[in-house]
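Asks: A predicted structure for the sequence below; I have some questions about it.
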Amino acid sequence: MKQAVFERQELCRRLGIDGKTLDEWQDCKIFGPFGFGDDHTPLYSETAVADGEQIKSLQKLGYDTREIQKIIRKIGLPKASNRENSGEKKRNFLTVGALAEKVGVSPRTIKHWEDMGIIEPNMRSEGGFRYYSDIYIYFCDLVRDLQLFGYSLTDIKMISDLFRYYVAMQHGPGSTAEKVAKLDIMLQEIDRLSRKMGLLKAGISRWEDLLKRKKKEVAARRSEMQKKMNAT
């Protein structure tokens with residue numbers, strides 16, 4: 001399930017506060033984004049909404065921002081251990097356009113892969129913007145590799161589903177028999193890809209040798225013809 005994410009204006013609207021109040025909270029370091037979009041847009045999680053409501057409740061009780069800062073430093077907000085906007089290093093996330101640019105494909109291609117279920121964004125804002133962690137740059141490169149290896153998008157979807165299942169399997173329920181069957185399929189796909197890569201490596205080696213020889217021959221022939229042209 002995709003994580004909900006809020007951009008600055010969306011968060012202010014959800015909490016019923018203005019930008020000045022949000023800036024004040026952030027300046028006092030009692031509140032902040034868990035990451036940023038590629039255009040430096042601050043991103044906030046559902047946890048941030050809960051934290052914001054807690055801060056508002058303290059303000060209604062008569063505490064000012066500095067006093068709330070002291071409270072958070074001493075005892076924290078409820079469930080503070082789960083806050084994604086605490087002092088951790090902020091992560092960067094990519095929009096569809098930025099991911100497409102880094103991978104070297106069109107935004108339409110990224111959307112098509114998403115529609116097919118090959119990739120899925122880490123989070124989506126209320127405004128409909130999709131955000132991906134930078135690990136998707138590597139993942140999309142793998143998708144392009146498989147296409148070069150002759151895999152169809154349907155094949156690639158099946159492989160991505162298997163690896164998603166593998167990750168989920170390590171932390172989720174499921175019968176042992178089902179898990180063993182899925183692992184058998186993964187092993188078969190790994191062997192199939194390994195064999196195909198072996199054939200590709202042999203083919204690449206042949207073509208490298210052929211192109212190297214032919215390039216020398218073509219260059220020599222061109223040089224001869226150029227000399228004849230210069231002599232006339």
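Replies: Perfect, I can see it now. Here the structure is a predicted model, which is why all the values come from computation and not from measurement. Numbers count the residues shown, from 1 in each chain.
Asks: any idea how far residue 98 is from the residue nearest to residue 193 when sequence neighbours are not counted?
Replies: Spatially, and ignoring its direct neighbours in sequence, residue 193 is nearest to residue 149 (7.1 Å; C-beta to C-beta, 6 or more residues apart in numbering). Placement of C-beta: from N, CA and C, glycine included. Applying C-beta to C-beta, to the nearest Å, the value for residue 149 to residue 98 is 26 Å.
Asks: what of residue 229?
Replies: Taking C-beta to C-beta as the measure, residue 229 falls 50 Å from residue 98.
Asks: out of these two, which sits in the more crowded spot?
Replies: Each of residue 229 and residue 98 has its neighbours counted (other C-beta atoms under 10 Å); residue 98 has more, 20 against 8.
Asks: so who does the more buried one touch?
Replies: 37-39 (C-beta atoms under 8 Å, 6 or more residues apart in numbering).
Asks: quickly find the element holding it.
Replies: Using DSSP states H and E, residue 98 sits within helix 96-103.
Asks: do a quick rundown of the strands in this protein.
Replies: Under the criterion DSSP state E, strands of the chain are mapped to 3-6, 35-36, 42-45, 91-94, 123-125, 130-133.
Asks: same for the longest helix seen in the chain, what does it pack against?
Replies: When the chain is parsed with DSSP state H, its longest helix is helix 176-231. Packing partners of helix 176-231 (3 or more C-beta pairs under 8 Å, 6 or more residues apart in numbering; DSSP states H and E): helix 153-169.
Asks: what is the mean pLDDT for the helix it packs on?
Replies: For helix 153-169, the mean per-residue pLDDT is 88.
Asks: got the angle between that helix and helix 176-231?
Replies: 140 degrees (axes from the mean of the first three to the mean of the last three C-alpha atoms, to 10 degrees).
Asks: packing partners for helix 153-169?
Replies: For helix 153-169, the packing partners by 3+ C-beta pairs under 8 Å, 6+ apart come out as helix 107-116, helix 135-148, helix 176-231.
Asks: show me how far the longest one is from its chain's centre.
Replies: Average the C-alpha atoms of helix 176-231, do the same for its chain, and the two points are 30 Å apart (C-alpha atoms, centre = their mean, to the nearest Å).
Asks: that helix to helix 135-148, inter-axis angle?
Replies: 70 degrees.
Asks: now the first one
Replies: Taking the same axes, to 10 degrees, one finds helix 107-116 and helix 135-148 inclined to each other by 90 degrees.
Asks: packing partners for helix 107-116?
Replies: Partner elements for helix 107-116 (3+ C-beta pairs under 8 Å, 6+ apart): helix 96-103, helix 135-148, helix 153-169.
Asks: rerun at 7 Å
Replies: helix 96-103 (3 or more C-beta pairs under 7 Å, 6 or more residues apart in numbering; DSSP states H and E).
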